[in-house]
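*Asks:* Mind folding the following:
(one chain, ligands or ions: 1)
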Amino acid sequence: MQQHALLHELSRMSARVGRNILLVQGAGGNSSIKHGDLLWVKASGTWLADAEHKDIFVPVSLGMARAALAQGDERVPLASGAGTTLRASIETSLHALMPHPVVLHVHSVNTIAWAVRADAREEFARRLDGLAWRWLDYHHPGLPLAKVVNDALAKDRLDVLVLGNHGLVVGAETCAGAEAMVDEVESRLALAPRSTIPADIDALRSISAGTAYRLPKDPQCHSVAIDPFSRAIATSGSLYPDHVVFLGPGLPVLEQSEDLRALASRMQADGLPQPVALLVPGLGCIVRKDASDGAEAMLSCLALVTCRLPLTAQVRYLTQENESALLNWDAERYRQQLTADRGPD
Ligand SMILES: [Zn+2]
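*Replies:* Just a heads-up that it's a prediction; the model follows:
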């Protein structure tokens, strides 16, 4: 197939996947296609959902991407004459390593709901039986993760990688094959969400009136504040990289008796930034007025993941070391999270 047709196919598939919040949230996830020595991979900070109406893919030389990995370079330069200021995804090395023509990485909700559990190994083995898959413990996105993927691929031909506390990577011959594989894994790992009572919109409006906060756009996100078990998980620690980068470690709670302004000044006194999102137990969530669509999508993701975790689940959180590596990884990125919509894509 011609390069143009391949990119068209990749764009269509990526946009479809990117529009499904159960597979991708905000700038998370990425996809790529190989053509000769070129790897076309999603640019950092762009949204898969935009693939059909924006140029979100950039070309890198496969040889250079693999050499960058061998030399321990985090960033892979674009192929000469790329004619764009975009940067290749931080996961470019991972895409280059996979031998498959098409690679798709998603933060799919059902996979994450299993991949944050310490007690799920047997369940994975049973549910993914027959697929060429491998579990990989959590590693910092980018180079550290790519090195582990490199080791796994050196031993076996693998089509599916389950990334602990992170998501899913699949490789396939075609775009349709990659999309079908993600669907297959997600349906094998499907978990029923706990239903929850609706948010108390009036109460949330009156709490946020005259403050720097507002209601979120997606009503699905409120369950993380209303369901006591979801809330306990969300406030106890960080589950996966985008949770940390977009929402900060854990999530703060505004008790119903507490005044939002008092909480804000307490956090300011402690030298903490005003949280992007706050959970109001039993009522719902509120977000900062300047919260980006990306941050809001991460809040929805957290609600979708936590409401799929059974009460008996042994949740494995990212360590403080993992969290600070993510927060300091690209300080500028974190500082600008509200406007730049950047994340460990
Ligand atoms: Zn990822």
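*Asks:* following the strand or helix carrying residue 186, which helix or strand shows up next?
*Replies:* Using DSSP states H and E, the element containing residue 186 is helix 175-188. Sequence-wise, the next helix or strand downstream of helix 175-188 (DSSP H and E) is helix 201-208.
*Asks:* same for that following helix, what does it pack against?
*Replies:* Under the contact definition 3 or more Cβ pairs under 8 Å, 6 or more residues apart in numbering; DSSP states H and E, helix 201-208 sits against strand 277-280, strand 284-288. Placement of C-beta: from N, CA and C, glycine included.
*Asks:* Touching it from outside, list them.
*Replies:* Helix 201-208 is contacted from outside by 213-215, 254, 260, 280, 283-286, using Cβ atoms under 8 Å, 6 or more residues apart in numbering.
*Asks:* If we go by neighbour counts, what in stretch 24-43 is buried?
*Replies:* For stretch 24-43, the neighbour count (16 or more other Cβ atoms under 10 Å) marks 24-35, 38-43 as buried.
*Asks:* Mind checking which of those are in helices?
*Replies:* Per DSSP state H, helices hold no members of these.
*Asks:* Bridged to the nearest residue to residue 30 once chain neighbours are set aside, which residues?
*Replies:* Leaving aside its chain neighbours, residue 30 sits nearest to residue 42 (4.0 Å; criterion: Cβ to Cβ, 6 or more residues apart in numbering). Beta bridges link residue 42 to residue 57, judged by DSSP bridges.
*Asks:* Where is the longest helix in the protein?
*Replies:* Assignment by DSSP H gives helix 3-18 as the longest helix of the chain.
*Asks:* Measure how that helix sits relative to helix 175-188, angle-wise.
*Replies:* Note on geometry: by axes from the mean of the first three to the mean of the last three Cα atoms, to 10 degrees, helix 3-18 and helix 175-188 are set 20 degrees apart in direction.
*Asks:* Show me what helix 3-18 is packed against.
*Replies:* Contacts defined by 3+ Cβ pairs under 8 Å, 6+ apart place helix 3-18 against strand 30-35, strand 38-42, strand 57-61, strand 102-106, helix 175-188.
*Asks:* if we can go back for a sec, now, which of the contacts of helix 201-208 sits nearest residue 101?
*Replies:* Using Cβ to Cβ, residue 285 comes nearest to residue 101 of those, at 40.9 Å.
*Asks:* which residues sit in contact with the closest one?
*Replies:* Applying Cβ under 8 Å, 6+ apart, we find residue 285 in contact with 199, 204, 216, 221-222, 224-225, 277-279, 299, 303.
*Asks:* And for residue 297?
*Replies:* Residue 297 touches 21, 25-26, 28, 218, counting by Cβ under 8 Å, 6+ apart.
*Asks:* care to break the chain down by domain?
*Replies:* Domains of the chain are assigned by automatic domain parsing as 3-188, 201-340.
*Asks:* Can you report how many residues lie near residue 270?
*Replies:* 7 (other Cβ atoms under 10 Å).
*Asks:* Got phi/psi on it?
*Replies:* Main-chain dihedrals, residue 270, degrees, to the nearest 10: phi -80, psi 0.
*Asks:* how far away is it from residue 252?
*Replies:* Note on residue 270: its distance to residue 252, by Cβ to Cβ, to the nearest Å, is 11 Å.
*Asks:* so where's the stretch 101-250 of the chain shaky on pLDDT?
*Replies:* In the prediction, the stretch 101-250 of the chain carries no residues with pLDDT under 70.
*Asks:* which residues in it form helices?
*Replies:* In the stretch 101-250 of the chain, the segments counted as helices under DSSP state H, counting those that start in this stretch are 109-115, 121-127, 143-155, 175-188, 201-208, 223-226, 228-236, 241-242.
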